[in-house]
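*Asks:* have a look; sequence and predicted model below, questions after that.
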Amino acid sequence: MRRVIRFRDLHREDVGLVGGKNASLGELINGLGPAGVRVPDGFATTADAYRELLDVGGLRERIAEQVDRLHRGAPLPEVGEAIRSAVLAAPLPPALEHDVVEAYGSLALESGREDPDVAVRSSATAEDLPEASFAGQQETFLNVRGAEALLDACRRCFASLFTDRAIDYRERMGFDHLALALSVGVQLMVRSDLAGAGVAFTLDTETGFPGVVVVSAAWGLGETVVSGQVDPDEYVVFKPVLKDHRLDPVVQVQLGSKRRKAVYGQDGSTTTVDTDAGERARPVLERGDIRTLAEWAVAVEEHYGCPMDLEWAKDGLSGQLFLVQARPETVQSRRGEVLRRYRLTGTGERLVDGIAVGEAVGAGPVCALASPVGLERFPQGAVLVTEITDPDWEPLMKRAAAIVTDHGGRTSHAAIVSRELGVPAVVGTGSATAALADGRQVTVSCAEGAEGHVYAGLVPYEATETDLGSLPSTRTKVMLNLADPGAAFRWWRLPADGVGLARTEFVVAHQVRVHPMALVHPERLSAEDRRLVDELTCGYPDGTDYFVDRLAHGVARIAASRWPDPVVVRTSDFKTNEYARLVGGTPFEPTEANPMIGWRGASRYYDPGYREGFALECRALRRARDELGLTNVVVMIPFCRTPQEADRVLAVMADNGLARGTNGLRVYVMAEIPANILLAEQFAERFDGFSIGSNDLTQLTLGVDRDSGLLAHLFDERNPAVTRSIETLITTAHTAGRHVGLCGQRPSNDPDFTRFLVQAGIDSISVTPDSFATVKRAVAAAEQQSP
C-alpha cells in the first residue's frame, strides 16, 4: 500500500488516489514546472491511507451509524460533532505515521530547512472536479512546524471531511459519505506573510468573459482573501496581448482597502493584524508580477483545457512567486447558450453600494446577523446581511434571496458561494450592517454593472432570456452602444459585430469625475475643488496622469470585451453646462443660452480653452491602442461642423500621437449636422467612416428641440427630410468607399425604420445591449425582404 506520495510523482489522473487538489499540484509540477511555473514542493497521503484509518477500531461502522441517524432526523450539528470526535479519537495507523514523518524529513533535507514550516491542506477524492466544488469545506492549517504538529494537523484534516457544511453539501449533491476519501497535502510554506497572496481566475468571475485573467491580491497570507476578511486589490489582464512584451496587458487596476493581513504568530500559528497606511495605499503587486501570474494562469488553462481558479503566493524573503493551488472553475464555465438578464423597471433610494456578484436582482426583508443561526431563525427568501461569511453560513445562504456583506471582494467566500448558488450578492459595502435595519424590505441589484446597489423597498424588475443559438446571421452589422466599462463584459456572449458607439463621457463623469482642464491648471481652482482633486488623484505623481490612466483603462476594458471587432470610441461630447458640473469645471466653462448647439464637440478640441484637455483624451486613446494593445479602437469625432474644422482637429490629434493611418488608426466622424450630409464628399476625404447620430440630425434638420415636450409630436426620424439625408449620405459615402453606421434608439423600437436603413444600404446599426436580439431579428427579416 502506498500511504504517502511526493507531489512530483503525481499527475491529474491521480484524483482517486490523492484528491483533486493534490493531483493538480503534481500536474503543475510535472506539466508546467519545465515552463517556469513555480510550485512549492511537498507530498500527499493517499485515499488508501484514509481507508486504512477507517478500518481502525470500527470507525467506518460508527460513521455509517451516525449518517443513518441523520437520515432518520437527527440534528446535523449533533451528527457532525459525533463523527469528528470519533475520527480524532482514532489513532493513526503506525505505518502512516512513519511514512508521513519520513516524507517530512526528506522535505526538510531537500529544502535545507530543519523542521520546515508547511501548509497542511485537505483534498477530498471528488474535490475540485468540474461538476462539484468542495472549496472551503475541509480544513487547512498554516505554519505547521515539527513532526508532532504535522501529525496532529493530519488528524484534524481527516476529521474535517465531516464538518457540518461538508456533510450538508454531500447530502445535497447526492454523494455517498463513505465512498469519498480524504488525502492530506503537505506543502512547504511560502513566506507570503512578508509579502502578499491571493487568487487568479482565467475568466471574469461575474460574466464568464474568457478574454481576461482576473488577479486578486492582499498583503500577508492568502486566507484573508479567500475568507473575505479584506477588500483586495484587483487587476484585470487582457490575454490576447500577453505574448507581446512590448505591450502592457493590464487593462484595469482597482486598489482595495486591504485593512488587515494574516501573518505568522509568535506561537507558531497565524494571526491577523492591521495593515499600515502605506500598505493600504499602494498595490500589492507590481506590473511585472501581475504579468507573470497572468502568463502562468494562461499556461495552466491551456494545459488543462478549461477555465481555472488558482491560488498564488509571493515569498517575501526570495521575492519569488508561486502557485499553491489550481482547480477548474465551476460556475461560469458551465453556462449554456441562454442569456438571462435582469433590469430594474422602477427606482428606489440607494442605501449602500459594493461589488456586484452575479448579474441578478433579489429582494426581501433584511435579516441582519452577526453569526450563523439555526435555519428556523432565518426566513426563506430573506436578504442576509452580515460582516463576512465562511462555510458555516452556507445553509443560511441557500435560503437567501440575496446576500450583502461589509467586507470581501470577488474571490471572498461570500462571492464564491453566491455565484455557485445563483444568488445575487453585494460584497465589500463597508457599512451594510450599520445601514440596513433588520426587517426592512430592500432590493439588491447586481444588474447594473460591476457595482452592486441595495435599494430601499421592493423595486420592480424584470428578467428576460435570450437563446443566443436562435439568433440569425445578417449581412448588415449589428453592433452595441456601450458606456460603462464595468458592464462591458456582461454582453460578451451577444454575437455583436463590435461596438458602434462607446461614449467617453460616462468614464469621465463616473471614473475620472474631474474636468480635464482642472488637472492641467489646478492653480485656477477654489480651495474646496483643489482639495477634492488632490483626494481623487492621490497616488498619482501628476493629475494629468490620473486622467489618462482612468480614461485609457475604461476604454481598454470596453475594447477588450469585443476584441478583435471594431470599437468606435467617441471623444468627449459634453455640453458646456455638463462640463461645468465636473469637479473643478466652473472656471473653464462659459454660460451659454443654448449649449446644445454651442461650444461642444470638435469646436472645443483645437480651441485654446480646451485644447490641453483634448490632448489628455488623445494621450488616453493612444495609450489604449499603442501601449495596452487595443488596436481595434476606432476614434470618432462628434459635432464637426465644417471640413476645415475637421482639418484642425485631425492636426491636433496628430500632434498628440493619434495620426490617422498610423498603427492602423481609423477616424470616424459623427453625421449629426446637415452640413455633414451636404458636404459628405469633403468629409469623406478626411475621415474613414460616418456614424449617424439620428437624434441630433433630426433636431437640426427639422429645427426641433429634442428636449421640448411641446414639440415632441414633430420630432420624427422617419420624416422625409431626415430619411433623404440618410440615403444621400449612404450613397455619397459608399461612392467614396467609406463606412456608414447609425447609433440611435429608433431601430430598437421601430422595425419599419430598421427596414428603411437596411434597404438604404446602411453598413451597421448600433443599439443598446438589451435591444440587440430584437434588432438582430428585425435586420434579418428586412434583409430577406430586400432585393
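*Replies:* Thanks, I have it. Residues are numbered from 1 along each chain as shown.

*Asks:* C-alpha from now on. contacts and neighbour counts both.
*Replies:* Noted.

*Asks:* the closest residue to Leu203 other than its chain neighbours: what's it in contact with?
*Replies:* Computed as C-alpha to C-alpha, 6 or more residues apart in numbering, the closest residue to Leu203 that is not its neighbour in sequence is Pro210, at 4.4 Å. Residues in contact with Pro210 (C-alpha atoms under 8 Å, 6 or more residues apart in numbering) are 202-204, 307.

*Asks:* any chance of these in JSON lines, plus pLDDT?
*Replies:* Formatted as JSON lines, the contacts of Pro210 follow (pLDDT from 0 to 100):
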{"residue": "Thr202", "pLDDT": "97"}
{"residue": "Leu203", "pLDDT": "95"}
{"residue": "Asp204", "pLDDT": "93"}
{"residue": "Pro307", "pLDDT": "94"}
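
*Asks:* so the residue nearest to Leu203 belongs to a helix, correct?
*Replies:* No - counting by DSSP: H, G, I helix; E, B strand; the rest coil, Pro210 is located in no helix; its state is coil.

*Asks:* picking that back up, most widely separated two among the contacts of Pro210?
*Replies:* Distance extremes for the contacts of Pro210: the farthest pair is Asp204 and Pro307 at 10.1 Å, using C-alpha to C-alpha.

*Asks:* compare those two and say which is more crowded by neighbours.
*Replies:* Pro307 (25 against 20; other C-alpha atoms under 10 Å).

*Asks:* tell me which element the residue nearest to the spatial centre of the chain is part of?
*Replies:* Centrality entry for the chain: nearest residue to the mean C-alpha point is Asp204, 4.6 Å, by C-alpha atoms, centre = their mean. Under the assignment given by DSSP states H and E, Asp204 is not contained in any helix or strand.

*Asks:* can you name the secondary structure element that comes next after the host helix or strand of Arg170?
*Replies:* Element membership of Arg170 [criterion: DSSP H and E] is helix 164-173. Counting by DSSP H and E, the element after helix 164-173 in chain order, helix or strand, is strand 182-188.

*Asks:* who touches that following strand?
*Replies:* 17-19, 22, 40-47, 50, 116-125, 154, 157-158, 161.

*Asks:* partners of that strand, with directions?
*Replies:* In the sheet, strand 182-188 lines up against strand 42-45 (antiparallel), strand 118-124 (antiparallel) (DSSP bridges).

*Asks:* just how off-centre is the last one within its chain?
*Replies:* So the one you mean is strand 118-124. 29 Å (C-alpha atoms, centre = their mean, to the nearest Å).

*Asks:* how about the helix or strand that contains Arg531, which residues are buried there?
*Replies:* Assigned by DSSP H and E, Arg531 falls within helix 527-536. Across helix 527-536, burial judged by 16 or more other C-alpha atoms under 10 Å covers 529-530, 533-534, 536.

*Asks:* which helix in the protein has the most residues?
*Replies:* helix 543-562 (DSSP state H).

*Asks:* how are the strands of the stretch 601-750 of the chain distributed by residue range?
*Replies:* Applying DSSP state E, counting those that start in this stretch to the stretch 601-750 of the chain gives strands spanning 633-637, 667-671, 689-692, 739-743.

*Asks:* please export the C-alpha coordinates of the first one as CSV.
*Replies:* Backbone C-alpha positions of strand 633-637 (Å, rounded to 0.1, in the frame of the first residue of the first chain) are rendered in CSV as follows:
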residue,chain,number,x,y,z
VAL,A,633,-10.3,51.2,-31.1
VAL,A,634,-11.7,53.5,-33.8
VAL,A,635,-11.7,57.2,-32.8
MET,A,636,-14.9,59.2,-33.6
ILE,A,637,-15.2,63.0,-33.6
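
*Asks:* tell me the strands beside it, with direction?
*Replies:* strand 567-570 (parallel), strand 667-671 (parallel).

*Asks:* what's in contact with the longest one?
*Replies:* So the one you mean is strand 667-671. 634-640, 660, 677, 687-693, 697.

*Asks:* just the CA trace of stretch 780-787, in CSV.
*Replies:* What follows is stretch 780-787, C-alpha atoms only, in CSV (Å, rounded to 0.1, in the frame of the first residue of the first chain):
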residue,chain,number,x,y,z
ALA,A,780,-32.6,39.6,-40.7
ALA,A,781,-36.3,40.0,-41.7
ALA,A,782,-35.6,43.2,-43.5
GLU,A,783,-32.7,41.6,-45.5
GLN,A,784,-35.0,38.8,-46.6
GLN,A,785,-37.4,41.4,-48.0
SER,A,786,-34.7,43.4,-49.7
PRO,A,787,-33.7,42.6,-53.3
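
*Asks:* just how off-centre is it within its chain?
*Replies:* Taking mean C-alpha positions (C-alpha atoms, centre = their mean), stretch 780-787 and its chain are 39 Å apart.

*Asks:* and that stretch, which residues are buried?
*Replies:* 780-783.

*Asks:* Ala218: what secondary structure?
*Replies:* Once three-state DSSP is applied, Ala218 turns out strand.

*Asks:* spatially nearest residue to it (excluding sequence neighbours)?
*Replies:* That would be Pro232: by C-alpha to C-alpha, 6+ apart, it lies 5.0 Å from Ala218.
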